[in-house]
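Chemist: How does the following fold in three dimensions:
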Amino acid sequence: MANLTSPATHRSAPTRVQQPQSSTDSAAHRGQLFDLAVAHSGLSYWTLDPESDDLYLSPEWTSQLGYETGELGVAEGLWRKLMHPDDLEALSAKWKQFVNSGTHVELEYRLRHKDGSYRRMLAHISINRCHDGAPSGIFGSHRDITEHTDAQVKLSSLAVQLADSKLEEQRRLSRELHDYLAQILVACTMKIQAMDQSGISDINASMLREVIGLIKQADDYTRTLIAKLSPDLLYNLGLLPALDRLATEIEGQYSVDVEVLFRGLTITLPTETALFVFETVRELLNNVVRHARSERAKVDLKHDGDQLQVTVGDDGIGFEMTRLVDAHHDKHFGLFSIKQGLRARNGSIDIQSTIGEGSRISFTLPLLGTPADESGVIVANLR
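Modeler: The predicted model follows:
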């Protein structure tokens, strides 16, 4: 990160706070209180003087990695020595950009513990600058989030299992409705139409026509429900035709004009991935219908190299980004489930919204499929 040399002294964690007797004592007292607060917060911190390259590591910094104070030292290249090789290149680029022009940055990386394992750290780093923009001091803190991350991975795995179970149950219900209820409704219509109505009064004939109309309504609703539970078009023709039908249904039911665009080469997706993309887009469009108060929405799919990026945008009322913090709230549970599903699939999500200017939610998935031709259709590969 920087050329780091050993500082002259190290402080020890305070065990007792002395009451101040003078202004000098007051400063020392505040320092003791700060160290005491840090010691009980789960945070560790470090400071760096960019001019002298003097680095100070708090006792908590070294203890989080299993070392005693002073055992690690602060020799040049310490960070590189401890950092996971897979994190080093990306972090070095972010660090260089931060030192050149930044004021605050949040970084996540893994450092090697004394026992040989790697601990995942969440760091917040701030930089003070001189009038000419040159760095005058850098302060950083980090927290060990290994257990939190492990819990998130387990939660994501459970979310995927729940989603898979939900999709399988939907497919089962769809088959049941198609094979039994829909067929019964069709049979009822055919039986009534085949009746000898020559001796039936006009009133009864009119009632029979009403019954046939009601049966047709029930049949139409059943088939709509079947399509919602399990989009057969997705399995038969592919993801894009399924999304086009979804857009048409939303336009018909809610008067929201939905445009579906695709850019890139044709790719073959595993069924599970295609289903996840379809369900995610449907959930995001449902959010547009329920909350955005928008007359237009756009679904933009882009195949770029080894990833698929899908963006759902609207020109509605927008929302405050801070509200997304309450991910457990019912209103955002769908978005919470999407995040967990993406995390489990090594995907990512970016959410942008401004009050009065609409919203734009993009999610990216790594592709397991391979490029095909240039016809511009994504085909769900049934396995």
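
Chemist: Tell me the buried residues in the helix or strand where residue 282 lies?
Modeler: Taking DSSP states H and E as the criterion, residue 282 maps to helix 271-287. Neighbour counts over helix 271-287 (16 or more other Cβ atoms under 10 Å) mark 272-282, 284-285, 287 as buried. C-beta coordinates here come from the backbone N, C-alpha and C atoms, glycine included.

Chemist: Alpha carbons only: can I get that helix in CSV?
Modeler: The C-alpha coordinates for helix 271-287 follow below in CSV (Å, rounded to 0.1, in the frame of the first residue of the first chain):
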residue,chain,number,x,y,z
THR,A,271,-32.8,-23.6,-16.8
GLU,A,272,-32.2,-22.6,-13.1
THR,A,273,-30.4,-19.4,-14.2
ALA,A,274,-33.0,-18.5,-16.8
LEU,A,275,-35.8,-19.0,-14.2
PHE,A,276,-33.9,-16.9,-11.6
VAL,A,277,-33.5,-14.0,-14.2
PHE,A,278,-37.2,-14.3,-15.1
GLU,A,279,-38.5,-14.3,-11.5
THR,A,280,-36.1,-11.4,-10.6
VAL,A,281,-37.3,-9.3,-13.5
ARG,A,282,-40.9,-10.1,-12.6
GLU,A,283,-40.4,-9.1,-9.0
LEU,A,284,-38.7,-5.8,-10.0
LEU,A,285,-41.5,-5.0,-12.5
ASN,A,286,-44.1,-5.8,-9.8
ASN,A,287,-42.3,-3.2,-7.6
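
Chemist: Would you check that residue 257 makes contact with residue 294?
Modeler: No. Taking contacts as Cβ atoms under 8 Å, residue 257 lies outside contact range of residue 294: 9.2 Å.

Chemist: The two - which one has more neighbours?
Modeler: Using other Cβ atoms under 10 Å, the more surrounded residue of residue 257 and residue 294 is residue 294, with 18 against 13.

Chemist: hang on, isn't the more buried one packed against residue 256?
Modeler: Yes. Using Cβ under 8 Å, residue 294 is in contact with residue 256, at 6.5 Å.

Chemist: returning to that earlier point: of all the buried residues of helix 271-287, which two lie farthest apart?
Modeler: 272 and 287 (22.7 Å; Cβ to Cβ).

Chemist: Tell me the helices and strands packed up against the helix or strand residue 44 falls within.
Modeler: Of the helices and strands defined by DSSP H and E, residue 44 is found in strand 43-49. Other helices and strands packing on strand 43-49, by 3 or more Cβ pairs under 8 Å, 6 or more residues apart in numbering; DSSP states H and E, are strand 54-57, helix 59-64, strand 135-144.

Chemist: in the protein, which residue is closest to the centre?
Modeler: Centroid-nearest residue in the chain, with Cα atoms, centre = their mean: residue 339, separated by 3.1 Å.

Chemist: ok, that residue to residue 279 distance?
Modeler: Per Cβ to Cβ, to the nearest Å, residue 339 is found 14 Å from residue 279.

Chemist: Same question for residue 260.
Modeler: 15 Å.

Chemist: Mind checking what secondary structure residue 184 has?
Modeler: Recorded secondary structure, residue 184: helix (DSSP: H, G, I helix; E, B strand; the rest coil).

Chemist: Not counting its neighbours along the chain, what's nearest residue 216?
Modeler: With Cβ to Cβ, 6 or more residues apart in numbering as the criterion, residue 216 has its nearest non-adjacent residue at 6.8 Å, and that residue is residue 189.

Chemist: Might you list the low-confidence residue ranges for the chain?
Modeler: 1-42, 74-76, 156, 160, 196, 198, 264-265, 321-333, 368-383 (pLDDT under 70).

Chemist: max-length helix in it?
Modeler: As assigned by DSSP state H, the longest helix anywhere in the chain is helix 146-176.

Chemist: Show me what it packs onto, helices and strands only.
Modeler: Looks like helix 146-176 contacts strand 118-129, helix 202-229, helix 271-287, helix 333-344 (3+ Cβ pairs under 8 Å, 6+ apart).

Chemist: does residue 193 really touch residue 209, like I thought?
Modeler: No. Taking contacts as Cβ under 8 Å, residue 193 lies outside contact range of residue 209: 10.0 Å.

Chemist: Double-check residue 145 against residue 111; I have them as touching.
Modeler: No. Between residue 145 and residue 111 there is no contact under Cβ under 8 Å: 11.7 Å.

Chemist: so how far is residue 139 from residue 221?
Modeler: The gap separating residue 221 from residue 139 is 63 Å, by Cβ to Cβ.

Chemist: now swap in residue 219 and tell me
Modeler: 68 Å.
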